[in-house]
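Participant: fold the following.
(one chain, ligands or ions: 1)
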Amino acid sequence: MAACRDVTRTTSAAAPGSRRTCSARSATSMDIGWIGLGNMGGPMTANLVAAGHRVIGFDLSEAAKAAAADNGVVVVDSVAAAVAGADIVFTMLPAGGHARQVILGEGGVLASAASTTLVVDSSTIDIATARELHAGAAAAGFAFLDAPVSGGVSGAAAGTLTFMIGGEDAVLDRARPVIEVLAGRIFHCGGPGSGQAAKITNNMMLGITLQATCEGAVLAERLGLDSKVFQQLAAVSSGDSWALRTWYPVEGVVETAAVNRDFEGGFSAALLRKDLGLALQAGEETGTDLSFAQAVADRLETIDAHGWSGKDCSVLVKLVDR
Ligand SMILES: NC(=O)c1ccc[n+]([C@@H]2O[C@H](COP(=O)([O-])OP(=O)(O)OC[C@H]3O[C@@H](n4cnc5c(N)ncnc54)[C@H](O)[C@@H]3O)[C@@H](O)[C@H]2O)c1
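Facilitator: You can find the predicted model right below:
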């Protein structure tokens, strides 16, 4: 497997917080099929429309479809209609089973698109399914990438996601003009499934640092510290993490934190639980001790028992601050 490397072209990376805009379709405008218009797919497709691409989208949820239509996505009623005539198709779905059904299944992407269509799965899924998708695509004559992302809903909206790519260089070069609209950084991690390997490992670390941030936030408050000041202090000290800067779970401290919206939207506890499950499975397969990941996964079981799986995963703070 090739070494994982940063293949971002610095001139094309978005400035953090910026959003690309382009009022008219340019000569390089593409027809993009998009399946999965949820918390991530919604803002990602909005950015592609703003950049001048024609996006034809499908989702099972009427609410997701309506929101996408408001953002200029041409919403259709089936996977087949979304991918017909597309230059490139993206899937942004909850888990491996959904991606397998939508890409390999009856009436799915490979059955409905022309084999010249480039297919990119940006969902976070297990490595084995990602490899199955690569193999299925290759057998049907399609070019395919596993291309999961990091950066959350805020990174999706800002067009600053980190892309982790598994697949061939030449295929990545074809997808690059579209990915660059969505990405701050692009890493080519190696062959089939290696993007997912990187993503699963990253999200395991996110789960652990989120739990640490929840415990720290509650302890700081109970020790009488000002939460805003403590968050700022920790962000430039050794307690820093992405979770601390983006999801600090005390109201009114960090604008992007879901705690400000009663944990609605964002990255659901169910999806983090899925990702930790994938990491624990990979830990078993490689004989790696992942005891902290296991502890957070156990807490997410409790979150599920409370009926909070649909809430943003920073709802974990409620188990600390009972
Ligand atoms: N939310 C985040 O912060 C975040 C960050 C990075 C990566 N991810 C990953 O991105 C993926 C999507 O996450 P999300 O937060 O957007 O999830 P989401 O649940 O908000 O969106 C997924 C969408 O897929 C749709 N869907 C499911 N099955 C479908 C099918 N058969 N056909 C068409 N549409 C279907 C659902 O209706 C939903 O709207 C997940 O794999 C997640 O792990 C999420």
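
Participant: list the residues that contact the closest residue to V7 other than its chain neighbours.
Facilitator: When the adjacent residues along the chain are set aside, V7 lies closest to H188, with 4.7 Å between them (CB to CB, 6 or more residues apart in numbering). Yep, even glycine has a C-beta here, placed from its N, CA and C like the rest. Taking CB atoms under 8 Å, 6 or more residues apart in numbering as the contact definition, H188 lies against A2, C4, R5, V7, I165, D169, L172.

Participant: contact residues of the stretch 151-300 of the chain facing the ligand?
Facilitator: Near the ligand, the residues belonging to the stretch 151-300 of the chain are G152, V153, G266, F267, L271 when assessed by CB under 6 Å from any ligand atom.

Participant: out of the residues you listed, flag the one nearest to W242.
Facilitator: In terms of CB to CB, no member of those lies closer to W242 than G152, at 8.6 Å.

Participant: neighbours of the residue lying closest to that closest one once chain neighbours are set aside, how many?
Facilitator: Of all residues not flanking G152 in the chain, F267 sits nearest, at 5.8 Å (CB to CB, 6+ apart). Look at F267: counted by other CB atoms under 10 Å, it has 21 neighbours.

Participant: same thing with the one 10 residues further on?
Facilitator: Residue neighbour count, defined by other CB under 10 Å, stands at 16 for G277.

Participant: and if you look at E264?
Facilitator: 11.

Participant: pretty sure it is touching S314, no?
Facilitator: No. E264 is not in contact with S314 according to CB atoms under 8 Å; the separation is 11.4 Å.

Participant: any common contacting residues for those two?
Facilitator: When CB under 8 Å, 6+ apart defines a contact, the residues bordering E264 and S314 alike are A258.

Participant: residue in the chain with the shortest distance to the ligand?
Facilitator: G38 (1.9 Å; CB to the nearest ligand atom).

Participant: let me see the mean pLDDT of the host helix or strand of L219.
Facilitator: Secondary-structure assignment from DSSP states H and E places L219 in helix 194-222. Mean per-residue pLDDT for helix 194-222: 98.

Participant: pairing partners for the helix or strand where V120 lies, with directions?
Facilitator: Counting by DSSP H and E, the element that carries V120 is strand 118-121. Strand pairing for strand 118-121, using DSSP bridges, gives strand 88-91 (parallel), strand 144-146 (parallel).
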